[in-house]
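Novice: I would like the atomic coordinates for the input below:
(one chain, ligands or ions: 1)
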Amino acid sequence: MTECLFCKIFRGEVESRKVYEDDTNIAILDINPRMHECQVLVIPKTHVEQFYELNDEELASLFKAVKEVALIIKKPTIRNSFHSSAEEWVLPTPTL
Ligand SMILES: [Zn+2]
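Specialist: Residues are numbered from 1 along each chain as shown. As a prediction, this is how the structure comes out:
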């Protein structure tokens, strides 16, 4: 099995600030954001080099997770939390 940083993150071997998780995906705050200080990475738990290596079901799940995260961070109260205290920021658990 090939290892990468993201595999270690969702196994809990590398610390991260998780903002979302479902059965097949995880979303974390980017530690080196380029666009915004609270940039979020949505990552499939299946190790792949490129997203198109995911099967159709995994790919659909990934994009559903992207939508869930976008809807969560779009909420003004959550956005304000990002700006005021990214260190303490906790998202509500989504209902799937
Ligand atoms: Zn990996």
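
Novice: Please count neighbours and contacts with C-alpha atoms only from this point.
Specialist: OK.

Novice: Pull out the buried positions in stretch 3-12.
Specialist: Phe6, Cys7, Ile9, Phe10 (16 or more other CA atoms under 10 Å).

Novice: and which of those is nearest to Gln50?
Specialist: Closest to Gln50 out of the buried residues of stretch 3-12 is Phe6 (13.1 Å), distances taken as CA to CA.

Novice: That closest one and the ion, how far apart?
Specialist: In this view, Phe6 and the ion are 5 Å apart by CA to the ion, to the nearest Å.

Novice: just Val14 next, same as before
Specialist: On the measure of CA to the ion, Val14 and the ion end up 12 Å apart.

Novice: with the buried residues of stretch 3-12 in mind, which one is nearest to the ion?
Specialist: In terms of CA to the ion, no member of the buried residues of stretch 3-12 lies closer to the ion than Cys7, at 4.0 Å.

Novice: Name the helix or strand for that closest one, please.
Specialist: When elements are assigned from DSSP states H and E, Cys7 belongs to helix 5-10.

Novice: Name the residue closest to the centre of this structure, please.
Specialist: In the chain, the C-alpha nearest the mean C-alpha coordinate belongs to Ala27, at 0.9 Å (CA atoms, centre = their mean).

Novice: Angles on the backbone of the spatially closest residue to Leu5 that is not a sequence neighbour, please.
Specialist: Computed as CA to CA, 6 or more residues apart in numbering, the closest residue to Leu5 that is not its neighbour in sequence is Val14, at 7.6 Å. Val14 adopts backbone torsions of phi -130, psi 130, taken as degrees, to the nearest 10.

Novice: Val14 touches Cys4, doesn't it?
Specialist: No: using CA atoms under 8 Å as the test, Val14 is too far from Cys4 to be in contact (10.7 Å).

Novice: And the longest helix along the chain, how far out from the chain middle?
Specialist: If you go by DSSP state H, the chain has its longest helix at helix 56-74. The chain centroid and the centroid of helix 56-74 are separated by 9 Å, computed with CA atoms, centre = their mean, to the nearest Å.
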